[in-house]
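>>> Dropping the sequence and predicted coords here.
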Amino acid sequence: MSNNLFQDTDSILSEERIFPPTPEMVANANITAYMKSKGFEDYEAFYKWSLDNRFEFWDDMAKELHWFEPWQTTFEWTTKPFFKWFVGGKFNIVYNCLDRYMDTPIRHKVAFHWEGDNGDTRSITYEQLYIETNRMAKGLQNIGVQKGDRVAIYMPAVLEQIVAVLAVARLGAVHTVVFGGFAASALRDRIIDAEAKVVITADGNYRGGKLIQLKHIADEAVSETPTIEKVVVFNHQNLDVPMQKGRDIYWHDLLTDVPVDTVVPCEPMDSEDPLYILYTSGSTGKPKGIVHVQAGYAVGTYATTKFVFDIKDDDVYWCTADVGWVTGHSYIIYGPLMNGVTSVLFEGTPSYPKPDRWWGVAERFNVSILYTSPTGIRGLMRFGEEWPAKHDLSHLRLLGSVGEPINPEAWMWYRHNIGHDTLPIMDTWWQTETGSILISPTIIQPLKPGSATRPLPTIEADVVDKNGNSVGLGKGGFLVIRHPWPSLMRTIYKDPARYQTYWDTLPNVYFAGDAATIDNHGYIRVQGRVDDVIKVSGHRLGSMEIESSLVSHPAVAEVAAIGKPDELKGEHVKVFVILKNGIEPSEELAKELKLHVRTTVGALAVPEELEFTPSLPKTRSGKIMRRVIRARELGEPIGDISTLDS
Ligand code: ATP
Ligand code: MG
């Protein structure tokens, strides 16, 4: 982190638009029902209660799940900052995703509607998912997978990817899902760090019509990993791939002799046993293996899915992330399945074959809840409003956003074009490390474009200065959380010291690494990573704020802002601008854009340099890698770029 890390950030973006909920939303919300059960009508009063009664809140949530044996102690510090939740309990998250529905009507409900890149569709009920998970668990047992073993999953977004994840967790083994778009070296490094014994992959898949040779890539990775004993290959595309005798086995061969009535009971795990290791996308540096555990993670993702997405029996929920990211783990697989909802799993890309692909998927499956990312929204804004307008999106009732700060104009576009000008948008702030959403509105709160609003119940989020003192309303600083919550990571795999740095940087708080401001309503606006803050003439500006100003200009699709050393100002702003389709770069337009920043946010933020560019370096999860842009611009070493989307 840079030397000037610990100075307050200034907010240059003023946002006064407020969108209150309708009385119906408030009356019918899951969060309202829970608040009422505790005697509250008002979220702020309820939130204050939850800070003093966090263990009661989480006990209530945990009791809605199935336990083989109940926990004895809700929370325990071991050696600070290491801690435990639901101590003494015996639990399996997969039982809560599948088994417990087998004597309820959810058994026959669709768990996932799947749509492939080429338009093929398939649906699977909870019962079918249960059957396939049991069979796969047996298959994995047959090749020696046991409780505690690490299994790498390197697959496309097919239903079998979900089966693989659940089968591994059912056995009490630890999955490490690696995004199916990563290169061999990234897969290799993750397998080596996790010491995985088995890798489950597929022959290959198409994304946006482009073939990805997964098995070839996996072979290359495995040739340099000492621990892999077996490679399981799901035949997705009938590709002719080499199979190494004794090591490689097809998924269907593994299951030929495993009957459909096979039951492999869920391994009763200690609450604190690991569930998975997930390597973060690495937009700030070398990927680290975030360790999440069985019970606390389950309770956190269950409760946040229920309250933030306000899941109801007849909803069709679609999270557009990839299972390879934490959003996919928490909000494609575990949270939705524990809530018994019908979900959509989509293998393709947003604009293939045409820029209305997503809206077509939403229409085909009558999607009622859509959870996506600012990068997805900005990417589709480029093509114009006519693409969503072609589709009947009337089933939608709630929208969500995650991954980066959402620029207010992107928020407005999303609400107008996808949300019929009426739908609430849950701007959810969280991290791989946090396991579940921490700062987000629920459906009952007034919304502000570009603000994740307020912390969820029990979450003591704050914006502080370098000494850890609250900056107070109307100011900016560092986003921190004051007490552990159930789904927080327990450690970094094989690197507990690195875990400790999250709690050591500022006294006694979890430091997220993000800059934020807190407005006069107590609403939090995340400005971006602390490392991406730009220091101009003594003011610290969030990259997001400068970018948001430019994104609000009709010619602009996407922007990245960085700071460059400047003798007079300390740093000056340079922006890289992607224009909307059909708009040509020109000197005049560059002038106009600078003027636009001057009039919308002020002279301080006006970029000294402006460069038009056809693309920006992003992580494979779609986040702008400002670190890479800065290094390229200044001719400095770029650092770890294993997650760069080339
Ligand atoms: P790495 O930590 O390896 O560099 P990463 O931080 O991109 O990668 P994630 O854990 O997927 O990996 O992302 C969490 C970060 O994403 C947050 O710290 C924050 O910077 C950003 N973020 C996520 N959701 C939001 C949101 N709703 N508003 C603003 N920022 C968000
Ligand atoms: Mg991070």
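Great, that's in hand. Numbering: from 1, shown residues only. Ligands and ions are numbered 1, 2, ... in the order given.

>>> Span of stretch 335-348 from start to end?
Using CA to CA, to the nearest Å, the gap from the first to the last residue of stretch 335-348 comes to 22 Å.

>>> Which residue would be the closest one in the stretch 101-250 of the chain to ligand 1?
Nearest to ligand 1 in the stretch 101-250 of the chain, going by CB to the nearest ligand atom, is F179, at a distance of 11.2 Å. (C-beta placed from N, C-alpha, C; glycine too.)

>>> what are the phi and psi angles of the spatially closest residue to G348 that is not a sequence neighbour?
Spatially, and ignoring its direct neighbours in sequence, G348 is nearest to D117 (4.1 Å; CB to CB, 6 or more residues apart in numbering). Comment: the main-chain dihedrals of D117 come out as phi -60, psi -40, following degrees, to the nearest 10.

>>> likewise D356?
Its backbone dihedrals place D356 at phi -110, psi 20, with angles given as degrees, to the nearest 10.

>>> That one and L393 touch, don't they?
No. With contacts counted by CB atoms under 8 Å, D356 stays clear of L393, the gap being 10.7 Å.

>>> and stretch 442-449, how far from the chain's centre?
Taking the mean C-alpha point of stretch 442-449 and that of its whole chain, the gap between them comes to 20 Å (CA atoms, centre = their mean, to the nearest Å).

>>> Next to ligand 1, which bits of the protein? Give me the list.
Where proximity means CB under 6 Å from any ligand atom, the interface of the chain facing ligand 1 comprises 280-284, 326, 402-405, 427-429, 431-432, 452, 512-514, 526, 529, 623.

>>> L593 contacts V577, doesn't it?
Yes. Under the criterion of CB under 8 Å, L593 lies in contact with V577, with a separation of 6.8 Å.

>>> which residues are common contacts for these two?
Counting by CB atoms under 8 Å, 6 or more residues apart in numbering, the shared contacts of L593 and V577 are 550, 556, 610.

>>> Drop anything exposed from those residues.
The neighbour-count test (16 or more other CB atoms under 10 Å) marks 550, 556, 610 as buried among these.

>>> of those residues, closest to ligand 1?
Proximity of the buried ones among the shared contacts of L593 and V577 to ligand 1, judged by CB to the nearest ligand atom, is greatest for L550, which lies at 17.6 Å.

>>> what packs against the helix or strand bottoming out on mean pLDDT in the chain?
Every helix and strand of the chain was ranked by mean pLDDT, DSSP states H and E. The lowest is strand 539-541, at a mean of 82. Counting contacts by 3 or more CB pairs under 8 Å, 6 or more residues apart in numbering; DSSP states H and E, strand 539-541 is packed against strand 534-536.

>>> What is the strand it packs on packed up against?
Secondary structure elements in contact with strand 534-536, counted by 3+ CB pairs under 8 Å, 6+ apart, are strand 539-541, strand 556-566, strand 570-579.

>>> which one of those lies closest to S330?
The closest approach between S330 and any of the helices and strands packed on strand 534-536, judged by CB to CB, belongs to strand 556-566 at 26.3 Å.

>>> buried sites along the closest one?
Buried positions in strand 556-566, judged by neighbour count with 16+ other CB under 10 Å: 556-563.

>>> if we take those residues, which one ends up nearest to V291?
Here the nearest of those to V291, counting by CB to CB, is A560; it sits at 31.6 Å.
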